[in-house]
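>>> One predicted model, sequence on top.
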Amino acid sequence: MDEDGPGRAWWSRAVVYQIYPRSFADSDGDGVGDLRGITERLDHLSLLGVDVLWLSPVYPSPQDDNGYDISDYQDIDPLFGTLADFDRLLAAVHERGMKLVMDLVVNHTSDEHPWFTASRDGGREGDRRDWYVWRPARDGKEPGAPGAEPNNWGSFFTGPAWTYDEKSGEYYLHLFSRKQPDLNWDNPEVRQAVYAMMRWWLERGVDGFRMDVVNLISKAPGLPDGVVPEGARYGDGSPYYVCGPHVHTYLAEMHREVFADHPRGLLTVGEMPGVTVEEARLFTDPARRELDMVFQFEHVGLDQGPGGKFDVRPLELTDLKASLARWQTGLGDTGWNSLYWNNHDQPRAVSRFGDDSPAHRERSAKLLATVLHLHRGTPYVYQGEELGMANAPFASLDDFRDIESLNHHREQSALGVDEERILSGLRHRGRDNARTPMQWDGTRHAGFTTGTPWIAVNPDHAHVNAEAQRADPDSVFHHYRRLIALRHTEPVLTHGDFRLLHPDHEQLYAFTRRDAASGTELLVLANFGATDLTVDLPEGWEQSPTLLTNVPGDALRGAPDVLGPWEARVHRRTI
């Protein structure tokens with residue numbers, strides 16, 4: 001493993017950039033992004049200064065869940081190109097001194113994967129039957145009838161988590177879409193097949209994996225019914241599959257068989273819905289040799305009401321600070337944090353945590369970047385975040401593409417919920433917000449494609465685009481460049497401890513990073529609001545120089561203890 005000082009791997013000072021290939025850059029005019037398009041735009045990422053590219057799935061897929069339903073783990077979907085295109089992309093990434101991480105989706109496959117077709121078509125005793133989770137109907141129930149499912153779990157994408165297969169007379173489990181059957185990780189043949197596939201990609205030259213919902217791979221014996229929340233149709237099965245009984249065993253086995261003693265420095269990050277700080281500390285403890293870091297979801301659930309992600313409520317800054325601080329201190333020196341505001345499953349950060357109005361969009365986007373990148377952990381930048389891209393103005397249901405949003409609309413409409421209320425939830429939290437095309441310039445379709453894009457481009461691309469921002473030294477893009485350069489040069493951001501200040505303040509986000517070894521301490525001040533804020537500077541910081549700010553130089557001539565609207569400032573001192 002490449003090291004960056006005592007006890008720190010190279011990724012502790014790196015910044016990762018997530019690419020959603022379908023929406024990044026289209027090279028052939030079919031309206032869908034592709035691998036050649038990514039290769040053509042690598043100089044943008046090189047200029048930004050990121051170290052790692054994380055590529056969302058490009059494998060063959062029926063595209064039921066935009067590629068997270070994989071039908072062949074060892075090829076490229078023609079939608080995105082060929083294996084030769086992938087090899088050229090990988091070589092071009094490495095030539096620029098960057099690494100490439102693949103998306104690993106192995107909690108489930110597509111129902112069109114040969115593994116599943118063999119499991120289904122072979123009958124109850126057929127080939128690979130035990131590679132997936134099959135169960136008979138409930139005792140005393142007619143197979144296929146409502147309520148006959150093996151348990152009462154609900155799917156993440158609405159409806160039951162089970163689908164009945166008439167040919168074999170049993171149900172298969174799918175925590176997500178019915179076209180995404182869950183693999184049976186208790187079967188050692190499944191695990192060995194997955195490990196062999198991972199080694200194949202590493203031998204091809206990739207530099208690690210982002211592991212989709214990997215903490216769901218181990219299910220509790222017996223698959224018990226879950227508690228049915230008030231007003232819900234299905235039981236909550238999460239206590240029986242979130243960080244299940246063998247998940248640590250399986251990830252330790254994966255590390256031994258795939259990653260241990262690998263000659264290149266790799267990165268492994270596990271997406272883990274519902275993971276706790278205590279569990280994450282185990283997953284990321286280097287001595288346990290499981291994963292390098294995890295994605296947790298606590299902070300992106302704080303603005304959700306009891307009705308779930310589409311039940312939007314105002315975010316309290318005090319809750320956000322408490323959550324992020326808990327993860328900063330909870331993982332401490334043992335584990336490691338992944339830092340993110342948004343990704344392909346989350347709405348745009350500036351619309352959710354900042355202010356996307358014309359008056360404050362740029363400054364609040366820079367503030368969010370400053371706060372995130374000054375925390376302890378590895379920052380992840382989602383495509384377009386470095387431009388301050390905002391949520392899209394979806395006018396009607398016809399503008400949405402995502403299966404989760406469409407299923408939610410169908411379910412809520414059937415329950416008689418008001419149409420505008422449903423659409424409001426989708427506009428605020430729908431995953432399509434993150435999937436509108438990358439805004440390269442102000443031309444038609446934002447320079448993403450010469451054809452018709454698979455989903456409409458945000459009309460604000462006329463003034464929010466990469467071409468304009470690269471030419472403007474005060475842009476959001478160049479602020480991200482400065483932050484990324486700072487992470488590469490300031491050891492305190494890698495090694496320093498974290499201390500939250502003013503936890504109960506409803507507008508000020510303030511914390512320090514302190515590293516005795518380098519003799520450096522940083523003070524981060526951020527005004528999460530559209531009004532001026534007077535700050536009570538901690539003792540000894542009154543005369544400290546400003547290391548970084550998100551406002552033009554002239555604005556710094558005001559009172560040093562006053563932060564303007566959405567102003568962020570980083571002070572530095574020697575200790």
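Great, that's in hand. Numbers count the residues shown, from 1 in each chain.
>>> Assumed Arg427 was part of a strand.
No - looking at Arg427 with DSSP: H, G, I helix; E, B strand; the rest coil, it is helix, so not inside a strand.
>>> For Ile19, give me its contacts.
Counting by Cβ atoms under 8 Å, 6 or more residues apart in numbering, Ile19 makes contact with Ile38, Leu53, Trp54, Leu55, Ser56, Gln383. C-beta: built from backbone N, CA, C; applies to glycine.
>>> Pick out the most distant pair among those.
For those, the farthest-apart pair by Cβ to Cβ is Ile38 and Trp54; their separation is 11.8 Å.
>>> State the three-state secondary structure for Val570.
strand.
>>> if we can go back for a sec, let's have the contacts of Ile19 in TSV, adding distance to Gly29.
Output for those, formatted as TSV (distance: Cβ to Cβ, whole Å):
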residue	distance to Gly29
Ile38	16
Leu53	24
Trp54	26
Leu55	22
Ser56	21
Gln383	20
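>>> Now rank the residues you listed by neighbours and give me the top one.
Gln383 (30 neighbours; other Cβ atoms under 10 Å).
>>> could I get the host helix or strand of His488 in PDB with only the CA atoms?
Using DSSP states H and E, His488 maps to helix 476-489. The C-alpha coordinates for helix 476-489 follow below in PDB (Å, rounded to 0.1, in the frame of the first residue of the first chain):
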ATOM      1  CA  VAL A 476     -16.700  27.900  -8.100                       C
ATOM      2  CA  PHE A 477     -14.500  25.700 -10.200                       C
ATOM      3  CA  HIS A 478     -11.300  27.600  -9.200                       C
ATOM      4  CA  HIS A 479     -12.400  27.600  -5.600                       C
ATOM      5  CA  TYR A 480     -12.500  23.800  -5.800                       C
ATOM      6  CA  ARG A 481      -9.000  23.800  -7.400                       C
ATOM      7  CA  ARG A 482      -7.700  25.800  -4.400                       C
ATOM      8  CA  LEU A 483      -9.300  23.500  -1.900                       C
ATOM      9  CA  ILE A 484      -7.900  20.400  -3.600                       C
ATOM     10  CA  ALA A 485      -4.400  21.900  -3.700                       C
ATOM     11  CA  LEU A 486      -4.700  22.700   0.000                       C
ATOM     12  CA  ARG A 487      -5.500  19.100   0.800                       C
ATOM     13  CA  HIS A 488      -2.300  18.100  -1.100                       C
ATOM     14  CA  THR A 489      -0.100  20.500   0.800                       C
END
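>>> Who are the packing partners of that helix?
helix 42-48, helix 361-373, helix 466-470, helix 491-495, strand 546-549 (3 or more Cβ pairs under 8 Å, 6 or more residues apart in numbering; DSSP states H and E).
>>> Identify each buried residue in the shortest one, please.
Of the residues in strand 546-549, those with enough neighbours to count as buried (16 or more other Cβ atoms under 10 Å) are Leu547, Leu548, Thr549.
>>> pretty sure Lys321 contacts Tyr509?
Yes - the criterion here is Cβ atoms under 8 Å, and Lys321 meets it with Tyr509 at 5.8 Å.
>>> residues contacting Val275?
Contacts of Val275 by Cβ under 8 Å, 6+ apart are Asn215, Val242, Cys243, Phe283, Val294, Gln296, Phe297.
>>> quick one: low-confidence ranges for the stretch 1-150 of the chain?
Filtered on pLDDT under 70, the stretch 1-150 of the chain yields the residue ranges 1-8.
>>> where exactly do the helices run in it?
35-40, 42-48, 83-95, 114-121 (DSSP state H, counting those that start in this stretch).
>>> Pull out the buried positions in the first one.
Neighbour-count burial for helix 35-40, counted by 16+ other Cβ under 10 Å, picks out Leu35, Arg36, Gly37, Ile38, Thr39.
>>> Tell me the spacing between the first one and His445.
With distances defined as Cβ to Cβ, to the nearest Å, the gap from Leu35 to His445 amounts to 19 Å.
>>> same question, the fourth one
To His445, Ile38 is 17 Å away according to Cβ to Cβ.
>>> Could you report the separation of the nearest residue in space to Thr249 that is not next to it in sequence from Gly244?
Nearest in space to Thr249, with sequence neighbours left out and distances taken as Cβ to Cβ, 6 or more residues apart in numbering, is Ser218 at 8.0 Å. Relative to Gly244, Ser218 is positioned 3 Å away (Cβ to Cβ).
>>> Which residue ranges of the stretch 201-350 of the chain form strands?
All strands of the stretch 201-350 of the chain, identified by DSSP state E, counting those that start in this stretch, fall at 208-211, 267-271, 293-295, 304-305, 308-312, 338-339.
>>> Just put the ones you listed in a markdown table and tack on mean neighbour count, mean pLDDT and distance to Val457.
Below are those laid out as a markdown table (neighbours: other Cβ atoms under 10 Å; pLDDT from 0 to 100; distance: least, Cβ to Cβ, whole Å):
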| stretch | mean neighbour count | mean pLDDT | distance to Val457 |
| --- | --- | --- | --- |
| strand 208-211 | 26 | 98 | 26 |
| strand 267-271 | 25 | 97 | 27 |
| strand 293-295 | 26 | 97 | 28 |
| strand 304-305 | 13 | 88 | 28 |
| strand 308-312 | 17 | 86 | 24 |
| strand 338-339 | 22 | 97 | 28 |
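>>> quick revisit: quick one: which of the buried residues of strand 546-549 is nearest to Ser46?
Leu548 (21.9 Å).
>>> Show me where the protein dips below the pLDDT cut-off.
1-8, 553-560.
>>> cutoff 80 now
1-8, 123-126, 553-560 (pLDDT under 80).
>>> what's the longest helix in it?
Of all segments of type helix in the chain, defined using DSSP state H, the longest is helix 188-204.
>>> which ones are touching the residue nearest to the spatial centre of the chain?
Centroid-nearest residue in the chain: Asn343, 4.1 Å away (criterion: Cα atoms, centre = their mean). When contacts are counted by Cβ under 8 Å, 6+ apart, Asn343 is found next to Gln18, Phe295, Tyr380, Tyr382, Ala434.
>>> And for Glu257?
Gln192, Tyr195.
>>> what does Arg361 give?
Taking Cβ under 8 Å, 6+ apart, one finds Val350, Gly354, Asp355, Gly388, Ala390, Val464 in contact with Arg361.
>>> Kindly reformat those as TSV and extend each row with neighbour count and distance to Thr329.
Shown next, in TSV, are the contacts of Arg361 (neighbours: other Cβ atoms under 10 Å; distance: Cβ to Cβ, whole Å):
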residue	neighbour count	distance to Thr329
Val350	31	27
Gly354	24	25
Asp355	20	29
Gly388	29	30
Ala390	24	32
Val464	25	36
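>>> Dump these to JSON lines, plus secondary structure and distance to Gly140.
Below are these laid out as JSON lines (DSSP: H, G, I helix; E, B strand; the rest coil; distance: Cβ to Cβ, whole Å):
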{"residue": "Val350", "secondary structure": "helix", "distance to Gly140": "54"}
{"residue": "Gly354", "secondary structure": "coil", "distance to Gly140": "54"}
{"residue": "Asp355", "secondary structure": "coil", "distance to Gly140": "57"}
{"residue": "Gly388", "secondary structure": "coil", "distance to Gly140": "58"}
{"residue": "Ala390", "secondary structure": "coil", "distance to Gly140": "53"}
{"residue": "Val464", "secondary structure": "coil", "distance to Gly140": "59"}
